[in-house]
Structure formats: structure tokens, C-alpha cells
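Participant: Have a look at this fold, sequence not included:
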Ligand code: IPM
Ligand code: MG
């Protein structure tokens, strides 16, 4: 009997539903070839859930995700929800899923596809393959925050007036578990870990550094490096190929992973995995957003979502061969010249295709 898995699917908003449709076709083909079956349960979150339920994530949706083997998500958000109450913005769905499922480790590979190197703004970019390991359920995103009216006066005599604050908190336990993910990942890669922080200013960063040095002793084969976040944002541009694994806090990881997406030329190609304790379902999604400007046009690049399916098979279901086959089929489709609009420049051999045609090319390339 074929192994059966429960996958919660959240198409979301904008291009989300279109790219998810293509990704599910890929998942079906992989299942046929590699002998597994998936029961998908389609769920609303983000703007689509605000419209239907008044909130971006219902407790019921979270429960179904918790009871699944993995969650596949398209994208959430769009201009029609820009003015809703901040406490129910579409993005809150993502934050609720991350904290609700305990997904503390966000893996964001930023890998350059050789054929797409022309799309990188960096001249002569080569062999860039970075794995961002971003802490995802702590730091300033989840610290104490609030607002109050102050009666204090500033140094220039102006009243402080209304005050808003967000705080960054990290515990030893939270830091150690994400550092371990980074060191373990590096052991299966090029054995280098860069810690990115702001230890010249922040107390939390100094705790990260201390624990980083301590843990590095357990991994004598791994080369370590520490960079301040401002310096790292520069080094990512000047020497991207020298990085292997970058481990960092929630906020710094958010910022730097977007930068790296640009360096590799095409956010339309980059997947991500958010993982928690062993046995809990992971959440897999493209790193790009809902791209409302091209929703419904058939122009969206489904590759990042398809590669997220590969990560889902690898990390949550342990189906490594099927994951490898999908990743290879994506590389082959790109090598054969298939290009959605975001990666098309009209070079000889390139074929401008729609989302569904890109997925067709990938599906026919999946073999066993
Ligand atoms: C991301 C996004 C989210 C984040 C937003 C939408 C809450 O930017 O996944 O990188 O900041 O984590
Ligand atoms: Mg981001």
C-alpha cells in the first residue's frame, strides 16, 4: 500500500492560488512515480480568511494544520487589506501559523541558477549557494510591544507625546536550538557558519555570540565567522560565493534573506521551509509575496512553490528521492530554456512561457 500523507494547503491571496495549483500537479506526479499519496485539505488564511471569517487565521485552520504532516502555503496579503486593523492584517496569519506550530527554524536557501546569473545585479556572480537559517518565533517580532502617552520632555524641549515600542528578547534555549540547526546543516554542506548579529550594540546579540562560540567547539570541522549585520549586508554583495550557512535572528534574517534573493537574481525561484521540533508539521512556502499586480495573468513563476514542495518532501515526509527528482526537473526546465516573464530576457534559446507551461515542463521532466 502506498504511504498516505495529510497536507494542509493554504493558497492564500494574489498569485497564491495559481502557483499552488501548479505545485499540486507536481506533487501528484511525484506521488505517482515515487509511490506515495497525499490527502490535501484546502484552507483559507490571510486576506481570503479576513474576507470570509473576519480574521486572517481561525483557530480551526490552525488545528487542521497541526494535525497534518505538512503545510504548503502560497502567499498572503494584498492592497485590499492595507487598511484593515493592524491586529488582523493578512501577515498575522503567517505569524500565527509560525508561533502556533512552533516553527522556530526558517531555512531559506539562496542558490544561484547558473543559467539565470544574468538576472543578478552583481557582475560576474559565480557559484553562490547560501542557506539562511533564520530564527522565526522569537526576537523583536514576538517581544513585548505597546504604546503609551508620555509626559517626559526631549533634550530639545519638545514633549515626547505618544510613544510606541517593540522589544527584542532571546533566551539561551531559543538561541541554542537554532544554532544547532545551522551547525548541523553546515555539516552536510560546505562546513562554514556565519553568525550575523549586532553584538557591538545589542545585549541579545552578545548572548548569541557567546553561545555560538560555545557550540562551535562541538563542531571542530566547521569554520566559523561572525559579522555585524550592517557589514554582512555589504559582504553579501561583494563576496556572496564565500558564504555557506548564515544563522541569524528573526529580524536580521528577514532583511538579509530578501537581499540574498535579489543577489541570486530571481525571488521567483526561491523556496523556504519553516520547521519546528521533530514530529511537528513544517510549513513550506515560496519566499516571494502575493504579487497582486500579476495575479490572474498566468505570468507568475511557479518554480519557488514547486521547489517548496521538494523541501516539504525532504524535510517533513523524508521522501528524499522524490525531492531530488523535482529539484532536478526544475533545473532541467530552466536549462532547456523555459522562462516565465520574471526570468526572461529574450536570449537565444529562451522560451517565454506561462505559469502552467513552466509546470508542464517540470512535470514531464520528473523521472524515476
Ligand atoms: C517573510 C515576510 C514576513 C516576515 C511578513 C509577511 C510577516 O516578510 O516571511 O519574510 O517578516 O517574516
Ligand atoms: Mg520578509
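Facilitator: Ah, there it is. In this text, all values refer to a predicted model and were calculated from it rather than measured experimentally. Numbering: from 1, shown residues only. Ligands and ions are numbered 1, 2, ... in the order given.
Participant: Excluding sequence neighbours, find me the nearest residue to residue 42.
Facilitator: residue 9 (5.2 Å; CB to CB, 6 or more residues apart in numbering). Any C-beta I mention is one placed from the backbone N, CA and C, and that applies to glycine too.
Participant: need the contact list for that neighbour.
Facilitator: Each residue near residue 9 by CB atoms under 8 Å, 6 or more residues apart in numbering is listed here: 20, 24, 40, 41, 42, 43, 71, 72, 73.
Participant: Just the buried subset of the residues you listed, written out for PyMOL, thanks.
Facilitator: Here is the PyMOL command that selects the buried residues among those (16 or more other CB atoms under 10 Å):
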select buried, resi 20+24+40+41+43+71+72+73
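Participant: May I see the contacts of residue 9 arranged in CSV, with distance to ligand 1, pLDDT and secondary structure as well?
Facilitator: Formatted as CSV, those follow (distance: CB to the nearest ligand atom, whole Å; pLDDT from 0 to 100; DSSP: H, G, I helix; E, B strand; the rest coil):
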residue, distance to ligand 1, pLDDT, secondary structure
20, 17, 98, helix
24, 21, 98, helix
40, 23, 98, strand
41, 23, 98, strand
42, 21, 98, strand
43, 18, 98, coil
71, 14, 98, strand
72, 15, 98, strand
73, 10, 98, strand
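Participant: any idea of the pLDDT on the residue of the stretch 51-200 of the chain found nearest ligand 1?
Facilitator: Here the stretch 51-200 of the chain gets closest to ligand 1 at one residue, residue 91, 3.9 Å apart by CB to the nearest ligand atom. Looking at residue 91, its pLDDT is 94.
Participant: Could you number the chain from 14 rather than 1 from now on?
Facilitator: All set: I'll call the first residue 14, so the last point we hit is now residue 104.
Participant: Hmm, it is touching residue 89, no?
Facilitator: Yes - Residue 104 is within contact range of residue 89, at 6.7 Å (criterion: CB atoms under 8 Å).
Participant: Can you check which residues contact both of these two?
Facilitator: 59, 69.
Participant: Give me the more crowded residue out of those two.
Facilitator: Between residue 104 and residue 89, counted using other CB atoms under 10 Å, the more crowded position is residue 89 (30 against 16).
Participant: ok, and the closest non-adjacent residue to the residue in the stretch 164-313 of the chain positioned nearest to ligand 1?
Facilitator: Residue of the stretch 164-313 of the chain nearest ligand 1, by CB to the nearest ligand atom: residue 267 (4.4 Å). In space, and not counting its chain neighbours, residue 267 is closest to residue 147: 7.0 Å by CB to CB, 6+ apart.
Participant: next one: residue 353
Facilitator: residue 314 is the one closest to residue 353 (CB to CB, 6+ apart), at 4.0 Å.
Participant: repeat for residue 173
Facilitator: Using CB to CB, 6+ apart, the nearest residue to residue 173 is residue 163, at 3.9 Å.
Participant: ok, and residue 347, which helix or strand is that part of?
Facilitator: helix 333-348 (DSSP states H and E).
Participant: sorry, back to before: pretty sure the residue nearest to residue 267 is touching residue 266, no?
Facilitator: Yes - assessed by CB under 8 Å, residue 147 is found in contact with residue 266 at 2.7 Å.
Participant: what's the overlap in contacts for the two?
Facilitator: In contact with both residue 147 and residue 266: 119, 121, using CB under 8 Å, 6+ apart.
Participant: Give me the more crowded residue out of the two.
Facilitator: A direct count of neighbours by other CB under 10 Å for residue 147 and residue 266 places residue 147 higher, at 27 against 23.
Participant: Wait, a strand at the more buried one?
Facilitator: Yes - the assignment for residue 147 is a strand, going by DSSP: H, G, I helix; E, B strand; the rest coil.
Participant: what sits against it?
Facilitator: Applying CB under 8 Å, 6+ apart, the residues near residue 147 are 118, 119, 120, 121, 261, 262, 263, 265, 266, 267, 270.
Participant: Just the pLDDT for residue 362.
Facilitator: The model's pLDDT for residue 362 equals 95.
Participant: Spit out the contact partners of the residue nearest to residue 353.
Facilitator: 32, 279, 281, 282, 353, 354, 355, 356, 368, 371.
Participant: Which one (most neighbours) among those residues?
Facilitator: Neighbour max across the contacts of residue 314 (other CB under 10 Å) = residue 32, 30 neighbours.
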